[in-house]
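In: Test case, fold it:
(chains A and B)
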Amino acid sequence: MVLQSLKNCFWLSCVVRTPKACFWSTASGGLIIQSVSNDVYQNLAVEDWIHDHMDLEKQQVLFLWRNSPAVVIGRHQNPWQECNLRLLRQKNIKLARRKSGGGTVYHDLGNINLTFFTTRKKYERMENLKLVVKALKALRPQLDVHVTDRYDILLDRQYKISGTAAKLGRTSAYHHCTLLCNADKFALSSALKSPFKGLKSNATPSVPALVKNLFEEDPSLTSEMLLDAIAKEYAVQHQIDHHITLINPADETLFPGISDKTKELQTWEWVYGKTPKFSVSTCLNMTYKDSVLDVKVNMDVKHGRIEVCNIDLPEQWLPPGLYSELVKSLTGSKFCPNETTTLVTTLLRVCPQDDELYSRWSLLCENMIRLM
Amino acid sequence: VCIHRVRSCSSIRFIKSKYVCVFDKSALKFSHQQRLFRTSAVSCGQIVQFKLSDIGEGITEVTVKEWYIKEGDSVSQFDSICEVQSDKASVTITSRYDGVIRKLHYSIDDIAFVGKPLVDIEIDASKGVASEEDVVETPPMSHEEHTHQEIKGHKTLATPAVRRLAMENNIKLSEVVGTGKDNRILKEDILNYLAKQTGAILPPSPKAEIVPPPRKAEAVPTAPKDKARKIPVPVSRPIAFAGKDKTEPVTGFQKAMVKTMSAALKIPHFGYSDEIDLTQLVQLREELKPLAEIRGVKLSFMPFFIKAASLGLLQYPILNASLDENCQNVTYKASHNIGVAMDTEQGLIVPNVKNVQVCSVFDIAVELNRLQSLGSAGQLGTSDLTGGTFTLSNIGTIGGTYAKAVILPPEVAIGALGKIQVLPRFNSKGEVFKAQIMNVSWSADHRIIDGATMARFSNLWKSYLENPALMLLDLK
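Out: Residues are numbered from 1 along each chain as shown, chains lettered A, B, ... in the order given. Sure thing, here's the model as predicted:
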């Protein structure tokens, strides 16, 4: 296998139509590229770029990528429902929303991602997954791996080692899947366990599954070996050279406009704001001065912002003016701890300086913020 | 000639209309494979039912997840209409027509069926002459392939009218930057490109020039301009500005700022400014910086400013006080919780360092580091943001000399620090030397603080910073 650096390869110079013989024209049928970046947003941006800009009629593309720890939710999912956001923030695990459908996955360097780009007409997920299974079996014939009709790949008939998702556009499509080589299973299960209670939504739910790393089955396997085996099989099936071209997702000359895509994928509006409408109906158990208060909270959240907010406090527990100010401030603001913290602390500045009030206010606000 | 593209796909109803020839055929240079239909000036738009096309893999139903348009919106061909999901695949459905959306057949989370109508689109009524775009009937090839000039590895979106203009002027579409939706190349882009190549004068546009009318509300209508133009006219750059005002609600950080500053209006502010010679402090910090780094802490000037302020507040506690709502009582706060204005991505945030009166300069530096990293990560807690009694704003890190800061209620004073500049000053011997000068601008609540108090506090603060050894003398 030869890893070619981009400088030696002319394929992208074809974008500007140079008459030179290029990788493109000799490598008919397929192209295999691998990202040098481990940034989930950059890699998702590459997928988006290829989907929008490349002509896949004559040449299909296989994109290989790995990310540093990140949780990736599907296009129509609810991050509050799918993962432990507080844990993600604490551990500095990134959260990304991809453009394809499907469920939530945990990525780290022990998990490899494969994206199969084709024209819309040639979109065929089963074929791609069978290719992966064939590659795995060629590498280790004794592996018991097969594709289910839910487009998962199972090891030993019970452990999920790969999940699938797809995106279809007008003329092109892509199917991507993961492959668990040597991921941190503990981090995976704790990140994907949401403590949220009382959430009602029509967002696509994830289907939890028992997982296992291929490494656990055969410790001689590494991510690199798996990537290579899959690339080899792809090359054979598309009758192309077994070359993997390295690409840098930050290179604006190769991918004009990609930095805008990368930025967009990181905005709050995309990651959280695209959550389908949901409602929160929960009870805060607050301990205040030897008594326990049960405070019912009901909120409707649309586009990640609080549309309606109801907090059922005991009468006169807070001065009514302050309570209505709180509800007014929360309405229309993001369902986000940072923004809520800023708003509630600001409100404290403009109300009477009273220690009792201050402690009640803090208690209520801390509990509210913990929900987000 | 007005030409309409009619696709051979069965799901589209043929548009039956009168044939009217409006333009010269001679201007057209199309290949022989295409037949040209001439269509009318239809007086009212025709409603076409846009059906959900085949998704592939034998899928017959999908869930509608998001609408990108609503009833009454204008759409152009290739604009995204909605997002549907089926079995882990998210599909973007794009419009086949230019027109106005008249009816959405489904709501969010409804099941939509392949082959059944998704939306009703009213095809644009011609305004007497040009129709939305040139259309060419193609032999049974998918229209996508024909519409896109496929440069290797790169698709270029352009309507046939634009494509023709490029062809006539020997322009390679791949070299033109598209500024339309989805980077599509508009007529303006070709004109711009031409103007750059040939100077300001454009070749005469053929009489039969058909121009796509404005899409949505963004582009400036070019059709009337073009019709009138028969002689070459120098194109003035920049081409008409197509931007428009954007209104959005005030939320989040901005809302917080509105509340705080509106409350601050009630406070009668007075200002007091001075110049501080930081030459000695700069030197001291240079010596201490590496030592702090060994301890894992980044040492800026702020810890010194903050500690000096606290020492000053010990002498002038009224600056660390709070006036109640009715201005009846003044509360002298025991703790010096000194706030530090921070500029984050989302906006202004003011966390405070608690109990500076019992902290060393190093302690303050550690705490500042913690607050700064939490602030940039957007993870400051309520306790970090409440309880402040006095604030410093180091706007000088961004720039500026003098500023007029607004007091943050319920505090009564605030200091804005300008940037450190190297300026010539006279020493006691009358010699000119290089001094590191910083300006400070204080604002205070004139209801309970008077100018003299502010001035004395400022002098004391200044003396600590100009002669850091003095801080050592008064350390508690």
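
In: C-alpha from now on. contacts and neighbour counts both.
Out: OK.

In: which residues touch the closest residue to residue B:346 other than its chain neighbours?
Out: Once flanking residues are discounted, residue B:346 sits nearest to residue B:253: 6.6 Å by Cα to Cα, 6 or more residues apart in numbering or on different chains. By Cα atoms under 8 Å, 6 or more residues apart in numbering or on different chains, residue B:253 lies in contact with A:339, A:342, A:343, B:346, B:347, B:348.

In: isn't the fifth one right up against residue B:252?
Out: It stands for residue B:347. No: using Cα atoms under 8 Å, residue B:347 makes no contact with residue B:252, being 9.3 Å away.

In: In helices, which of the contacts of residue B:253 fall?
Out: Among the contacts of residue B:253, DSSP state H puts A:339, A:342, A:343 in helices.

In: how many neighbours does the nearest residue to residue A:241 once chain neighbours are set aside have?
Out: In this structure, residue A:241 finds its nearest non-sequential neighbour in residue A:235, 6.0 Å apart by Cα to Cα, 6+ apart. As a burial measure, residue A:235 scores 21 neighbours (other Cα atoms under 10 Å in any protein chain shown).

In: Report the separation between residue A:235 and residue A:83.
Out: The gap separating residue A:235 from residue A:83 is 37 Å, by Cα to Cα, to the nearest Å.

In: related to what we said a few turns ago, neighbour count for residue B:347 and residue B:252, which is higher?
Out: Taking neighbours as other Cα under 10 Å, residue B:347 and residue B:252 compare with residue B:252 leading, 22 against 12.

In: Help me confirm that that one comes into contact with residue A:335.
Out: No: with contact defined as Cα under 8 Å, residue B:252 does not reach residue A:335; the gap is 10.1 Å.

In: which residues touch residue A:271?
Out: Contacts of residue A:271 (Cα under 8 Å, 6+ apart): A:95, A:96, A:97, A:265.

In: what's the spacing between the helix or strand harbouring the first one and its chain's center?
Out: So the one you mean is residue A:95. Residue A:95 belongs to strand A:94-97 when elements are defined using DSSP states H and E. Remark: strand A:94-97 is offset 5 Å from the chain centroid, using Cα atoms, centre = their mean, to the nearest Å.

In: For the helix or strand just after it, name the packing helices and strands.
Out: From strand A:94-97 onward toward the C-terminus, using DSSP H and E, the following helix or strand is strand A:105-107. For strand A:105-107, the contact count by 3 or more Cα pairs under 8 Å, 6 or more residues apart in numbering or on different chains; DSSP states H and E identifies strand A:70-73 as packing neighbours.

In: Show the subsequent helix or strand relative to the strand it packs on.
Out: Toward the C-terminus from strand A:70-73 - assigned by DSSP H and E - lies helix A:79-82.

In: What's the mean pLDDT across that next one?
Out: Taken as a whole, helix A:79-82 carries a mean pLDDT of 94.

In: How about residues contacting it?
Out: Contacts of helix A:79-82 (Cα under 8 Å, 6+ apart): A:73, A:85, A:104, A:192-194, A:196, A:199, A:205-206, A:272, A:275, A:372.

In: Residue A:139 and residue A:240, how far apart?
Out: Counting by Cα to Cα, the gap from residue A:139 to residue A:240 is 20 Å.

In: before we move on, what about residue B:325?
Out: 79 Å.

In: Can you pick out the residue with more neighbours from these two?
Out: Using other Cα under 10 Å, the more surrounded residue of residue B:325 and residue A:240 is residue A:240, with 17 against 12.

In: Specify the local secondary structure of that one.
Out: Following DSSP: H, G, I helix; E, B strand; the rest coil, residue A:240 is assigned to coil.

In: Spatially, which residue comes closest to residue A:192, not counting chain neighbours?
Out: In this structure, residue A:192 finds its nearest non-sequential neighbour in residue A:83, 4.3 Å apart by Cα to Cα, 6+ apart.

In: Over to residue B:434?
Out: residue B:424 (5.0 Å).

In: Pretty sure residue B:435 is one of the things the one you found touches, is it not?
Out: Yes: contact criterion Cα under 8 Å: residue B:424 and residue B:435 qualify, at 5.9 Å.

In: Of these two, which one has the most company?
Out: Each of residue B:424 and residue B:435 has its neighbours counted (other Cα under 10 Å); residue B:435 has more, 19 against 13.

In: CA atoms only for the helix or strand the more buried one falls within, dumped as CSV, please.
Out: Assigned by DSSP H and E, residue B:435 falls within strand B:432-445. Taking C-alpha atoms only, strand B:432-445 is exported to CSV below (Å, rounded to 0.1, in the frame of the first residue of the first chain):
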residue,chain,number,x,y,z
VAL,B,432,13.7,62.6,29.6
PHE,B,433,13.3,58.9,30.1
LYS,B,434,11.3,56.1,28.6
ALA,B,435,8.3,55.4,30.8
GLN,B,436,5.6,52.7,30.6
ILE,B,437,2.4,54.7,30.9
MET,B,438,-1.1,53.4,31.5
ASN,B,439,-4.2,55.5,31.9
VAL,B,440,-7.0,54.6,34.3
SER,B,441,-10.5,56.0,34.1
TRP,B,442,-12.7,55.5,37.2
SER,B,443,-16.4,55.9,37.3
ALA,B,444,-18.3,56.2,40.7
ASP,B,445,-21.8,56.7,42.0
